[in-house]
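Chemist: Build the 3D model from these lines:
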Amino acid sequence: MTDDEGQTDLRLRQAIVELLQRRGPEASICPSDAARAVYEGQDEGWRALMEPARRAARLLVADGEVEITQGGRRVEPDQARGPIRIRRAR
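Modeler: Okay, here's the model as predicted:
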């Protein structure tokens, strides 16, 4: 991982935590919310941050800070396939 990738991962983790803090305790976010928050351009470049945002969410799961859900149910990060949501750990 390059220094730039490490900085992006850190910014994505911070964005996930901050976005969840601004929402209600039961609310969730999409990884795209974090990708858009971190991306500095005005175009669709945030899409390239989708996998890094999912990776940041997995790291936060490992730290016990968040959960990944599908269909409103918590799933293990390595079991998630397709669209996910991120919510505060319960």
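Chemist: tell me which residues in stretch 42-54 are buried?
Modeler: Trp46, Leu49, Pro52, Ala53, Arg54 (16 or more other C-beta atoms under 10 Å). C-beta: built from backbone N, CA, C; applies to glycine.
Chemist: so the third one, which of the three states?
Modeler: At Pro52, secondary structure determined by DSSP: H, G, I helix; E, B strand; the rest coil is helix.
Chemist: Let me see the contact set for it.
Modeler: Glu5, Thr8, Asp9, Leu12, Ala35 (C-beta atoms under 8 Å, 6 or more residues apart in numbering).
Chemist: 10 Å instead?
Modeler: Going by C-beta atoms under 10 Å, 6 or more residues apart in numbering, Pro52 touches Glu5, Thr8, Asp9, Arg11, Leu12, Pro31, Ala34, Ala35, Val38.
Chemist: which non-adjacent residue is nearest the fifth one?
Modeler: Spatial nearest neighbour of Leu12, chain neighbours left out: Ala56 (3.7 Å); criterion: C-beta to C-beta, 6 or more residues apart in numbering.
Chemist: pretty sure that neighbour is in a helix, no?
Modeler: Yes: membership of Ala56 in a helix is supported by three-state DSSP.
Chemist: All set now, cheers.
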